[in-house]
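A.B. asks: From the sequence below, what's the structure:
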Amino acid sequence: MVIVQLNPPIFVIEGLDVTVYHSIEDTLRALEPVDVRNNEYSVYDSEGHRLELGVARVPFWGFEKVVLDDVESEPKHAPELASQLASFLADSGVDPTWLAAASLSQLEKKTLELKAGESRVEE
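C.D. replies: Just a heads-up that it's a prediction; the model follows:
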């Protein structure tokens, strides 16, 4: 079994919307089990590791919670994360020329700046 260190922030993408969380624990608490079950989200850490989420029933209490099912061992989805962040940023009015040349870390930084302007990063 390979243990993967997640590198926050965690990016949750739903369509063209991006929500950013400081930790996987914050992410799991915030997401709705029904949406996870319906595959509404794409979830990545800052390096592009794709996070697979699932739903588990809490024994005795009977309610459901979102859980981390799996994390890929290598950040194979960094290009996918970059593409989705670029789409979000383009939809937010960021210059397409800048987007075409931006690295993943630059796209993440610009996303964090925009999200901070909307409100705060989710905790």
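
A.B. asks: now the helices for the protein?
C.D. replies: 24-30, 33-37, 78-91, 96-101, 104-118 (DSSP state H).

A.B. asks: wait, which of those is closest to Glu47?
C.D. replies: Relative to Glu47, the nearest member of those by CB to CB is helix 78-91, separated by 6.6 Å. C-beta coordinates here come from the backbone N, C-alpha and C atoms, glycine included.

A.B. asks: so for the closest one, what's the average pLDDT?
C.D. replies: When pLDDT is averaged over helix 78-91, the result is 97.

A.B. asks: picking that back up, dump the helices of the chain to a markdown table, plus distance to Val4 and mean neighbour count.
C.D. replies: Supplementary listing: those in a markdown table, determined by distance: least, CB to CB, whole Å; neighbours: other CB atoms under 10 Å:
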| stretch | distance to Val4 | mean neighbour count |
| --- | --- | --- |
| helix 24-30 | 11 | 17 |
| helix 33-37 | 20 | 15 |
| helix 78-91 | 14 | 18 |
| helix 96-101 | 28 | 11 |
| helix 104-118 | 17 | 15 |
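
A.B. asks: Tell me the confidence at the residue of the chain most remote from its centre?
C.D. replies: Distance from the C-alpha centroid of the chain, by CA atoms, centre = their mean, peaks at Phe60 (30.4 Å). For Phe60, the model assigns a pLDDT of 80.

A.B. asks: Could you do the one 3 residues further on as well?
C.D. replies: What the model reports for Phe63 is a pLDDT of 87.

A.B. asks: So for the chain, the centremost residue is which one?
C.D. replies: Taking CA atoms, centre = their mean, the chain has its central residue at Phe11, 2.1 Å away.

A.B. asks: so what's that one bridging to?
C.D. replies: Val20, Tyr44 (DSSP bridges).

A.B. asks: Please give me every residue in contact with it.
C.D. replies: 18-20, 43-46, 81, 84-85, 108, 111 (CB atoms under 8 Å, 6 or more residues apart in numbering).

A.B. asks: try 10 Å this time
C.D. replies: Shown in contact with Phe11 (CB atoms under 10 Å, 6 or more residues apart in numbering): 18-21, 27, 41-46, 48, 51, 81, 84-85, 88, 107-108, 111-112, 115.

A.B. asks: Please consider this matter closed, and thank you.
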